[in-house]
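Colleague: take a look and give me a structure for this.
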Amino acid sequence: MEDRYISLFRTLTILGSLLALIMLILMGINEYFLRDWETYQEEYHRLNGSNTLTSPEKTVDVKVEIHQLTVDPLNLVDRCPSCHLGIENPVLKNVPQPFRAHPGSLLSFHSTEKFGCTSCHRGSGRVLEVQDVCQDTNKESIHSPVYIQSACGKCHLAIFDENPALPGAEKLYTGLNIFKTEGCLGCHKLRQVGGIIGPDLTDQGNKIRGSYRFRYITGPLTIPNWLKEHFLRPDNISPGSAMLAFNLPADNLEALITFTLGLYRPHFPLEYYSFNHLGEFKERRQILGDSEVFGVFCSACHGKSGQGKNYREYKTGVPSLNNLDFQAVASRDFIEFSVLKGRTARQMTPWNPEITGVYQGEIQKAIEYVRQWRKKGPEFGSVKNMSGNLATGQELYAENCIFCHGENGAGGIAVNLNNQDFLTLASDEFIFLTLLHGRSNTAMPAWTRFSTEQFASLLRLIRSWQTQPRFKYSPEKIEGHVLEGQNLFDHLCIRCHGKEGSGGIGPAILNRDFLTVASDQFLLQTISRGRNHTAMFGWSKDLGQLERVKTEDLRNLVAFMRAMADSIPEQIYPGQSVGRPSAGKNLYEKYCSECHGYDGEGKQAPALQNQEFLSAASNGFLLATVSLGRTGTNMPSWGKGSEKYPALSGSQRNDIVAFLRSWQMHIIKKTDK
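Modeller: Modelled structure (predicted):
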C-alpha cells in the first residue's frame, strides 16, 4: 500500500515539473518572440515597405528595439514610442493606429522631449504590454479619448478667469462654465475657495479608483462612469449625500466629467503652468464680476433666479430670496449677517472670508445682487404731482396696513398714523420715503412693490386724517455736544425706545432708515412737542414731577441721534420683547409647529431655533414675517388671515415673537469668529 502512494507521488511530481517547464518555455517564447512592441515594429516596417504609402510618405526605417523618452524635470520614463512609431511624423496622419501621427498641432508647443506622453495621457510609461497600458479600461491606466481634454487642466485651468478659454480644450472649459453656473462652489472647496459642506475637489483628477466606492454603480466600473452616475443620482451612488441631481444634456454632462477629471494640484515644475493657473494656488486669483458671484457660490441652493427650493419637494428646503415679502422685511444687515455667519446644522455655509477664501468685495457683490430683487419703486417727484384716489388708498390700507396700524390709522402694534402731532410735522416726502424704504430691522416693511398711483393714493388717505394745519419749521441743521446728548438719551429715552434705540414700547428712533428721512428740526420738534395721546412726552413742556429739558440739552440729544446714523453696530439689536412668551408658546404649538417643528428645528420650513437666525432676525423682522407671511409659499399671513388660517391679533403676534426670542441662548456678534 505504501509503495503505491510513493509511486503516485513520483508520477505527480514528474507531471508537475513538466507542466512548469512547459509554462516557462511558453513564457520565454511570449517574452522574447511574441512581444507586443516587436510585433508592432515589424508591422511598421512592412507598412513602410508596402504600397500603402506613396514615395513622399515613405518614412525612415526605425531600428527594432525599445524606444523611450526620458523627461527628467517630470521624473518620467515613457516607452510609448516603442509602439507609436509615427507619433511625430505628420505624413502618417491617415494610417492606422498605433502608427498614426499625433492629431492637431499640440506637439508643436508640447514637445515629447519636454512633456513625454503620460504627463497628458496618463498610464504607466515604463510598461510595454498593450493590455496593461491601453486596453484594460477598468484599470484607468490611460485617459479615454472622450475625456482627454481633462489633461489640459493640469497646467492651463484657471477657474476664476473672467473669460476662460483655451483653443483645443473647448470641452474642458464648457465643463468649467457648467461647474460655475450650477453653483458647485457653494458646497465644494476648490483651490482654497468655496463652501465646506462637500469634499474638496482641488485634486479630484489625481484620485485613483480605490478612492471611489463602486458598490452602487450599475454601468462600467470606471471613474468617468462613477462621476456620471453620481451627477445623475448622487443620493443613490453616495447614500446620505445632500447633493442635488444634475439634469444636463449628454454633451454637457460629458463636459462636466471632463472638467472634474482635470482638477489637479500642481506637481510639475513651475515653468509648466500658466500664470493665472498657478496664482490660484497662491491665493492670487481674479475677483469675480458683479453678476458672477451669486451664480458661482449661491445658485445651487437658492436657484439661479433666487427662487429657492420648496420645503415639501426637497429633503432640505431653501428660502426664496426673490420673494417680494422677504425682500420687503429683510434688511441689508440681516442678509449680510446671514451670509457671513451661515446657519449651523443647515446647508448654509458661513461665508466668512477666512473660512471660504471668498473676498470681502465678492461678499458685498453677492449681497447687492440679492438686494436687486427688491424693486426700486418710483421717485417722490412723480408721486407728489399726483392727487391719488382716496378709495384706492383705503383698499391698499385695508389690505396691507390695518393689521398693524389699526382702523383709520388709530394705531395698534405700530404707531398711530392719524396722530395730529405726527401729521403736522411729517412732510409728504417723509411719509413717502418711509413707505418706500420701510425701517430696517423693524416691523415696517419696504413697500417698493407699490406703483406711483398707489403711493399717491396712500398719501392722500393719510393726509385725509389730518385736521390741524402743518407746523412750519426751518431746515436748519442742529449742532450740539454728542456725548452729553448720549447721556441724556440713556437717562430719558431707553426706557421706551430700547437701550440701543432699536425699539420697544416706542419706535426705533436710532434706526438708520428713520434718521435718513427725518430732518434735524423734525427730531427736535418731535422731542420738544411730544405726541398727544401717546406715551411720548413733550420734553420742553411742563411735566409735573419731571424736570423740563432745556433747549440746549435737546439740541445735544438731536446731535447724538444724528451721529448714530453713521455708526455701524457690532450686532443686530433685536429690540425689546413686548409679548408674553408663555402665551406665544401655546400659539406656536397650535399654528406653527406643524411646519417649523415642535422645537423650531425646521421640518418643512426654516429652523427658527437656529442661533445664527435669531441673531440676525430682530423682533421687528419676526413680527413683520408673521404678519405678512410669504406669498407663494406655505407661510400664511397671520395678520390678514385666510379661509384656512385665522387672523391673529397684534398682541398674539407679539406673543409668538416673544416666544421665538426665548429660544435665543446667546447673541452672535458680527465680529465673532
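
Colleague: endpoint to endpoint, stretch 656-665 covers what distance?
Modeller: Using Cα to Cα, to the nearest Å, one end of stretch 656-665 lies 17 Å from the other.

Colleague: list the buried residues of it.
Modeller: By neighbour count on 16 or more other Cβ atoms under 10 Å, the buried set for stretch 656-665 is I656, V657, A658, F659, L660, R661, S662, Q664. Yep, even glycine has a C-beta here, placed from its N, CA and C like the rest.

Colleague: from the rest of the structure, what touches that stretch?
Modeller: 574, 577-585, 587-588, 592, 600, 608-609, 611, 614-615, 619, 622-623, 626, 638, 648 (Cβ atoms under 8 Å, 6 or more residues apart in numbering).

Colleague: poorly predicted segments of this structure, please.
Modeller: Along the chain, segments meeting pLDDT under 70 span 1, 29-34, 48-62, 131-142, 542-547, 673.

Colleague: per the record, what domains does it have?
Modeller: Using automatic domain parsing, the domains assigned to the chain come out as 36-142, 149-280, 380-464, 482-564, 581-661.

Colleague: how long is the third one end to end?
Modeller: Same thing as domain 380-464. Its first and final residues considered, domain 380-464 spans 19 Å by Cα to Cα.

Colleague: so where do the helices sit in the stretch 151-300 of the chain?
Modeller: 153-156, 170-181, 223-232, 234-237, 250-261, 275-280, 293-297, 299-302 (DSSP state H, counting those that start in this stretch).

Colleague: distance to V329 for the domains of the chain - can I get that in CSV?
Modeller: CSV is the format used below for the domains of the chain (distance: least, Cβ to Cβ, whole Å):
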stretch, distance to V329
domain 36-142, 53
domain 149-280, 24
domain 380-464, 5
domain 482-564, 13
domain 581-661, 4
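
Colleague: which one of the ones you listed lies closest to D333?
Modeller: domain 380-464 (6.2 Å; Cβ to Cβ).

Colleague: run the chain-centre distance for that closest one.
Modeller: On the basis of Cα atoms, centre = their mean, to the nearest Å, domain 380-464 is displaced by 36 Å from the centre of the chain it belongs to.

Colleague: ditto for stretch 193-206
Modeller: Computed by Cα atoms, centre = their mean, the chain-centroid distance of stretch 193-206 equals 15 Å.

Colleague: residues of it that come out buried?
Modeller: Buried residues in stretch 193-206, counted by 16+ other Cβ under 10 Å: V193, G194, G195, I197, G198, L201, T202, Q204, G205.

Colleague: ok, which pair from those residues is furthest apart?
Modeller: I197 and G205 (21.0 Å).

Colleague: mind checking the longest helix of this protein?
Modeller: helix 2-32 (DSSP state H).

Colleague: and the helix or strand hosting L340, what does it pack against?
Modeller: Here L340, judged by DSSP states H and E, is contained in helix 332-341. For helix 332-341, the packing partners by 3 or more Cβ pairs under 8 Å, 6 or more residues apart in numbering; DSSP states H and E come out as helix 360-371, helix 611-616.

Colleague: for the first one, enumerate the helices and strands it packs against.
Modeller: Translated: helix 360-371. Secondary-structure packing of helix 360-371 (3+ Cβ pairs under 8 Å, 6+ apart): helix 293-297, helix 332-341.

Colleague: how about Q571, secondary structure?
Modeller: Classification of Q571 using DSSP: H, G, I helix; E, B strand; the rest coil returns coil.

Colleague: from L614, how far off is it?
Modeller: Separation of Q571 from L614 (Cβ to Cβ, to the nearest Å) stands at 12 Å.

Colleague: neighbour-wise, which of those two wins?
Modeller: Between Q571 and L614, L614 has the larger neighbour count (other Cβ atoms under 10 Å), namely 23 against 16.

Colleague: show me what contacts that one?
Modeller: By Cβ under 8 Å, 6+ apart, the contact set of L614 is P574, L608, L660, R661, W663, Q664.

Colleague: for C595, which non-adjacent residue is spatially closest?
Modeller: Spatially, and ignoring its direct neighbours in sequence, C595 is nearest to A605 (3.9 Å; Cβ to Cβ, 6 or more residues apart in numbering).

Colleague: re earlier: next SSE downstream of the longest helix of the chain?
Modeller: As assigned by DSSP H and E, the chain's next helix or strand after helix 2-32 is helix 36-49.

Colleague: show me how far that following helix is from its chain's centre.
Modeller: 57 Å.

Colleague: next one: stretch 510-528
Modeller: Offset of stretch 510-528 from its chain centre (Cα atoms, centre = their mean): 38 Å.

Colleague: show the contacting residues for N654.
Modeller: Residues near N654 by Cβ under 8 Å, 6+ apart: I413, S577, V578, G579, G584, L623.

Colleague: can you list those in a markdown table and add secondary structure, distance to C184 and neighbour count?
Modeller: Converted to a markdown table, the contacts of N654 look like this (DSSP: H, G, I helix; E, B strand; the rest coil; distance: Cβ to Cβ, whole Å; neighbours: other Cβ atoms under 10 Å):
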| residue | secondary structure | distance to C184 | neighbour count |
| --- | --- | --- | --- |
| I413 | coil | 44 | 21 |
| S577 | coil | 41 | 19 |
| V578 | coil | 45 | 17 |
| G579 | coil | 43 | 24 |
| G584 | helix | 41 | 23 |
| L623 | helix | 37 | 29 |
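
Colleague: ranges for the helices of the stretch 501-650 of the chain?
Modeller: Using DSSP H, counting those that start in this stretch, the helices found in the stretch 501-650 of the chain span residues 512-517, 520-529, 551-564, 581-591, 593-596, 611-616, 619-628, 650-661.

Colleague: contact partners for the most centrally placed residue in the chain?
Modeller: Nearest residue to the geometric centre of the chain (Cα atoms, centre = their mean): C298, 2.2 Å. By Cβ under 8 Å, 6+ apart, the residues touching C298 are G183, G186, A366.

Colleague: tell me, how many neighbours does P475 end up with?
Modeller: Residues within reach of P475, counting by other Cβ under 10 Å, total 7.

Colleague: S440 now?
Modeller: By other Cβ under 10 Å, the burial measure for S440, its neighbour count, is 22.

Colleague: so what's it up against?
Modeller: For S440, the contact set (Cβ under 8 Å, 6+ apart) comprises S331, R332, D333, N511, R512, D513.

Colleague: tell me the most buried of the helices of the stretch 501-650 of the chain?
Modeller: Of the helices of the stretch 501-650 of the chain, the one with the most neighbours on average (mean count of other Cβ atoms under 10 Å) is helix 619-628, at a mean of 26.
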